[in-house]
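Undergrad: need a structure here:
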Amino acid sequence: MRAPAQTPHRLSPSAGFTLVELLVTVGLISILAGMGAMIMPGAVAAAKADAGASRVESALRVAREQAIAQRRTVRVAFTPPNRVVTSRVEVPGPGTTVLTTTELEDGMTFQLYSGVPDTPDAFGRSSATSFGMASSISFSSEGTFVDQNGDPINGTVFLGRPSTPLTARAVTIFGPTALVRGWKWNGSLWTR
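TA: Next up, the predicted model:
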């Protein structure tokens with residue numbers, strides 16, 4: 001049995017798109033692409049700032065975990081412009097062993113911006129790495145965040161990209177419990 005012969009398919013004059021429809025579609029795509037191009041740099045800068053703050057938070061949490069796990073004091077040093085170094089205090093002392101070195105990436109540095117106030121935790125804003133009068137800071141073997149005398153201390157690390165206040169971030173640490181919290185500056189106030 002033979003298949004029935006197929007007749008050629010013709011397009012009617014109303015099939016397809018008109019020039020006006022194509023121009024409207026291309027115009028809408030251009031407007032959306034332009035809006036995306038204007039929004040994208042700010043979003044990328046904010047994402048990089050968030051990543052920098054996360055690195056500081058992570059370095060602090062890991063240092064605390066190592067202090068508890070190794071039953072040793074772990075010192076934390078913030079070295080300008082963008083480095084966090086953690087070191088285990090050896091017993092017997094006075095030596096230390098560097099455990100981790102964390103560097104902030106994408107142009108993030110420890111810094112303060114004029115016009116940006118202290119965080120709602122209000123632990124101080126005397127410098128970009130503000131820990132009161134402490135000459136050294138560390139986690140005790142019990143996990144408490146302490147100064148050189150072994151007294152619990154609160155503090156804040158401020159960071160951001162130079163000349164870009166909307167990338168301002170802060171990491172606060174509450175000494176007695178070593179609670180680490182991250183903050184974002186939205187242009188008018190700190191948010192979590």
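
Undergrad: and the lengthiest strand in the chain, what does it pack onto?
TA: If you go by DSSP state E, the chain has its longest strand at strand 164-174. On a contact count with 3 or more C-beta pairs under 8 Å, 6 or more residues apart in numbering; DSSP states H and E, strand 164-174 meets helix 19-70, strand 155-161, strand 179-185. To be clear about C-beta, it is placed using only N, CA and C from the backbone, and glycine gets the same treatment.

Undergrad: Just name the most buried of those.
TA: Among the helices and strands packed on strand 164-174, strand 155-161 has the highest mean neighbour count (mean count of other C-beta atoms under 10 Å), at a mean of 24.

Undergrad: Residue 162 contacts residue 107, correct?
TA: Yes - the criterion here is C-beta atoms under 8 Å, and residue 162 meets it with residue 107 at 6.9 Å.

Undergrad: quick one, which of the two is more surrounded?
TA: Using other C-beta atoms under 10 Å as the criterion, residue 162 and residue 107 rank with residue 107 on top: 17 against 11.

Undergrad: The more buried one: what secondary structure?
TA: Secondary structure assignment for residue 107 (DSSP: H, G, I helix; E, B strand; the rest coil): coil.

Undergrad: Nearest spatial neighbour of it, chain-adjacent residues omitted?
TA: residue 161 (4.8 Å; C-beta to C-beta, 6 or more residues apart in numbering).

Undergrad: what sits opposite that neighbour in the beta ladder?
TA: Residue 161 forms beta bridges with residue 164, as assigned by DSSP bridges.

Undergrad: Contact partners for the closest residue to residue 60 other than its chain neighbours?
TA: Spatially, and ignoring its direct neighbours in sequence, residue 60 is nearest to residue 180 (5.1 Å; C-beta to C-beta, 6+ apart). Residue 180 sits next to 57, 60, 61, 171, 172, 173 when contact means C-beta atoms under 8 Å, 6 or more residues apart in numbering.

Undergrad: Let me know the closest of the residues you listed to residue 150.
TA: residue 173 (16.1 Å; C-beta to C-beta).

Undergrad: so what's the residue nearest to residue 107 up against?
TA: 45, 48, 49, 106, 107, 108, 109, 167.

Undergrad: Let's have the residues you listed in TSV, adding distance to residue 141 and pLDDT.
TA: Below are the contacts of residue 161 laid out as TSV (distance: C-beta to C-beta, whole Å; pLDDT from 0 to 100):
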residue	distance to residue 141	pLDDT
45	39	84
48	35	90
49	33	90
106	35	87
107	36	89
108	31	93
109	32	95
167	36	92
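
Undergrad: Quick check: the farthest pair among these?
TA: By the measure C-beta to C-beta, 45 and 109 form the most distant pair in those, at 13.7 Å.

Undergrad: For stretch 117-130, buried residues please.
TA: For stretch 117-130, the neighbour count (16 or more other C-beta atoms under 10 Å) marks 118, 119, 121, 123, 128, 129, 130 as buried.

Undergrad: Can you tell me what sits against that stretch?
TA: Residues outside stretch 117-130 that contact it (C-beta under 8 Å, 6+ apart): 78, 80, 109-112, 131-132, 154-159, 170, 172-174, 181, 183, 190.
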